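Chemist: quick one: sequence plus predicted model below, questions after.
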Amino acid sequence: MYSGFRIFTLVLILTLAGLLATAHPTIPAAGPGMQTPDRFTPDSARIRNPKARARNKRLYDSIESKTSRRAVPRMLYQLLFVKPVLDTTANGQVLDETRELMPYAGKTISEIKISRQEPFNDNGNWLERSGNKLHMITRERVIRRDLLFKPGDLLDPQLVVRTKQLIRSRDYISDIDIEIHPDSLDSTRVNLVIRTRDSWTITADGAIRSEGRTMVALSDANILGSGNKLKFITNFNRQDFSFGGNMVEYEIPNVLGTFYTARFNAGRDFYSSTLDLALRKEFIRPTDYEVGLTYNDIKDKRYMIEQDTSLLVKERNLDAWGGYSHFLRAIHSSIYLTGRYNYSRVSRRPEVGPHYNPALHDQDALLVGLGLYRENFYTANMIYGFGRREYLPAGYKAEVVSGYTWGEFSDDVYLGISTRAGGFCPVGYIMGGATLGSYIDPVDGMWQRSAVDIDLKWFSNLFLVRRSRIRQFLAFNYTQGWNRWAGSDESIRFTKTNGLQALNEYAIGTNRMILNTETVLFSPYQPLGFRIAFFGFADFGLLGYSPNIFKNEFYTSFGVGVRLRNERLVFNTIQIRLGIAFGKNGLVDSEYFRLSNSTQIEQYRYRPTRPEIVGFE
């Protein structure tokens, strides 16, 4: 019955492997024993319009000159306009920062200096100057505790890049640069200067939900310059102003320089309540260890996909895991072994049975994972955005997960495999992954609650059409479950990640296939300095319960849109999208119009985490 499906899955996996393996010899896909490129420039098209740039410059210089004569116009100008940032759209390069640092590899780090900057320019407007006075700058010891090296160590380019990525991930840091200066007296030594700029970390938030529920929050991601995060949330009913409860969240991102993250969340929100405690350390270096311990006691509404409704669920969960990775220099990759124990108890729930609502069963699980991985990052532009730098991951991860679960109604063996890979090839950039997992009855050996998920993503090099540049995007997803039971998490639907952009129709099944296409045209025209990108999309999807994917319900959506960005203005990228969706019987529920101020960058990560059971969603 499933022979056709198995052949189909095998063909897709082999196709992915073939595409990655056929990459150009100097630009291989990242994998065991393969080298990543020093610098790769796939975009041969270069567009320069000096006349347009000169006109825009004269316009903005004129505005600045005229508004600088009086206090109020000068204040308005400083609020609306910012100094232009480095334009990275013209070079078209994909840059490996690790390779750039190779000339300094092996040299001894003599001295490390830290230079910290306030969130705003010191000579900015009165609001920026006031913000700097109110802001407490991140303490130097907080930045030093995130460094993966110290004076006396030999400089490792990978650790320098990983340090930049780690510090950039902190909510309280907006930018970082690490300068390397050769020692003038000793050619075997180098001095490092680390420059950071703080983020403005005090924020307010709010949300208006159904049934009159309203949330207001205040948070600071850098309490007293310590890097610790505190968030206070209060809830009330906007109809009668009745109190709905408070919640407090506190997080320490690096406890005493150990790279452990500690988190505490507690409180209630109307009918929901939360107690969440966590302490964990992730893999950071190629040779490293990971450990984690979490406990949560949560009462909240959970969406029941087959009933298309939300019901109240109360559960307790204890999770403990650990692992070790070791760098294998011969293949420039790390081998890792991880283990995990999970304890889950559900005290309030809808009806359950031996084959009904298994996601709500009481369960103990013991899992072990074994695999290889490598991950590097490259800078590029004009991919998911334009006029700014973007970071692309390249690497791979291959993992086998196995274990045993003690369930409320039955015990099972679990077995899963997964692989992910991404890298450059002559026709652009391709990344993809495949996961397969199943519970196995230890008595009769039957596979049950099985799932397979395959993802492929590709975007082309930039093509020159007259004076415009075009990039094509494709994304493919195939998800299938078999021998699934009934109830919560036993069916799937179209989601924001794996779905059709303009579709709002309710549809579920156990077999889903999606093809998303998008064409983006980067216009050479810049009226008043605005960069313009036009895009059109066409999405196709099949979803249903038939093992033969082509016998399921068919949906499609089409649309067009525009993205606007001015590097001199403080506003984010503005996106306007129009769309419409159809089923086999004609028009269906659609999201006809959408306005947003940012675009999501969807990327794979290849760093291993705790062993996971293959998701089905």
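Modeler: Yes, it's here.

Chemist: when you work out contacts or count neighbours from here on, use the C-alpha atoms and nothing else.
Modeler: Will do.

Chemist: next, count neighbours for residue 478.
Modeler: Using other C-alpha atoms under 10 Å, residue 478 is surrounded by 21 other residues.

Chemist: for residue 415, see how far away it is.
Modeler: 20 Å (C-alpha to C-alpha, to the nearest Å).

Chemist: can you check residue 302 too?
Modeler: 27 Å.

Chemist: likewise for residue 256?
Modeler: From residue 256 to residue 415 the distance is 38 Å (C-alpha to C-alpha).

Chemist: where along the protein do the helices fall?
Modeler: Residue ranges of the helices in the chain, as given by DSSP state H, are 3-21, 50-67, 71-80, 97-100, 126-134, 140-144, 157-168.

Chemist: only the buried residues of the last one, if you could.
Modeler: When you say that, I think you mean helix 157-168. 157-164, 167-168 (16 or more other C-alpha atoms under 10 Å).

Chemist: name the residues that touch the longest strand belonging to the chain?
Modeler: Taking DSSP state E as the criterion, the chain has its longest strand at strand 309-328. Here strand 309-328 makes contact (C-alpha atoms under 8 Å, 6 or more residues apart in numbering) with 283, 286-304, 333-350, 610.

Chemist: show me the shaky parts of the stretch 401-550 of the chain.
Modeler: Flagging of the stretch 401-550 of the chain using pLDDT under 70 yields the residue ranges 528-529.

Chemist: any weak-confidence spans in the chain?
Modeler: For the chain (pLDDT under 70), the answer is 1-61, 63-93, 385-391, 528-529, 566-572, 597-604.

Chemist: re earlier: narrow the contacts of strand 309-328 to just the buried residues.
Modeler: Counted by 16+ other C-alpha under 10 Å, the contacts of strand 309-328 give 283, 286, 289-300, 304, 333-346, 349, 610 as buried.

Chemist: re the thing from before, now render the buried residues of helix 157-168 as TSV, adding distance to residue 103.
Modeler: Shown next, in TSV, are the buried residues of helix 157-168 (distance: C-alpha to C-alpha, whole Å):
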residue	distance to residue 103
157	9
158	13
159	15
160	13
161	14
162	17
163	18
164	18
167	23
168	24
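
Chemist: and the residues you listed, which is closest to residue 461?
Modeler: residue 161 (25.6 Å; C-alpha to C-alpha).

Chemist: how about the nearest residue to that closest one, chain neighbours excluded?
Modeler: Counting by C-alpha to C-alpha, 6 or more residues apart in numbering, residue 161 lies nearest to residue 98, which is 6.4 Å off, once chain neighbours are set aside.

Chemist: can you get me a residue count around the one you found?
Modeler: With other C-alpha under 10 Å as criterion, residue 98 counts 19.

Chemist: pretty sure it contacts residue 155?
Modeler: No. Residue 98 is beyond contact range of residue 155, at 11.5 Å (criterion: C-alpha atoms under 8 Å).

Chemist: ranges for the strands of the stretch 101-250 of the chain?
Modeler: 108-117, 173-182, 189-198, 202-208, 213-220, 229-237, 243-252 (DSSP state E, counting those that start in this stretch).

Chemist: so which of the ones you listed gets nearest residue 499?
Modeler: Here strand 202-208 is closest among those (C-alpha to C-alpha), at 25.2 Å.

Chemist: name every strand pairing with that closest one and say which way it goes.
Modeler: strand 213-220 (antiparallel) (DSSP bridges).

Chemist: state the distance from residue 580 to residue 475.
Modeler: Distance from residue 580 to residue 475, by C-alpha to C-alpha: 19 Å.

Chemist: also residue 463?
Modeler: 19 Å.

Chemist: okay, those two: which has more neighbours?
Modeler: residue 475 (19 against 16).

Chemist: wait, what's in contact with that one?
Modeler: Contacts of residue 475 by C-alpha under 8 Å, 6+ apart are 455-458, 514-517.

Chemist: burial of residue 402, as a residue count?
Modeler: Other residues close to residue 402 by other C-alpha under 10 Å number 21.

Chemist: got a list of what it touches?
Modeler: 367-369, 413-416.

Chemist: over to residue 437?
Modeler: 414-417, 450-452, 613-614.

Chemist: what's across from it in the sheet?
Modeler: Where residue 437 sits in a bridge, its partners, by DSSP bridges, are residue 416, residue 451.

Chemist: separation between it and residue 356?
Modeler: In terms of C-alpha to C-alpha, residue 437 sits 19 Å off from residue 356.

Chemist: what's the closest of the strands of the stretch 101-250 of the chain to residue 394?
Modeler: strand 173-182 (21.6 Å).

Chemist: by contact count, what packs against the closest one?
Modeler: Under the contact definition 3 or more C-alpha pairs under 8 Å, 6 or more residues apart in numbering; DSSP states H and E, strand 173-182 sits against helix 157-168, strand 189-198.

Chemist: got the CA coordinates for it in CSV?
Modeler: Coordinates of the C-alpha atoms in strand 173-182 are reproduced here as CSV (Å, rounded to 0.1, in the frame of the first residue of the first chain):
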residue,chain,number,x,y,z
ILE,A,173,23.2,44.4,21.8
SER,A,174,22.3,45.9,18.4
ASP,A,175,25.8,45.6,16.8
ILE,A,176,29.2,44.2,17.3
ASP,A,177,32.5,44.4,15.5
ILE,A,178,35.8,42.7,16.4
GLU,A,179,39.0,44.3,15.1
ILE,A,180,42.3,42.4,15.0
HIS,A,181,45.5,44.4,15.1
PRO,A,182,48.9,42.8,14.8
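
Chemist: in its sheet, which strands sit next to that strand, and in what direction?
Modeler: strand 189-198 (antiparallel).

Chemist: contacts for the strand it pairs with?
Modeler: Against strand 189-198 from outside (C-alpha under 8 Å, 6+ apart): 104, 107-119, 137-138, 172-183.

Chemist: please apply the same query to stretch 220-230.
Modeler: With C-alpha under 8 Å, 6+ apart, stretch 220-230 has contacts from 136-139, 142, 171-172, 201-203, 219, 231, 248-253.

Chemist: can you give me the buried ones in that stretch?
Modeler: If you call a residue buried by 16+ other C-alpha under 10 Å, then stretch 220-230 has these buried ones: 220-223, 225-230.
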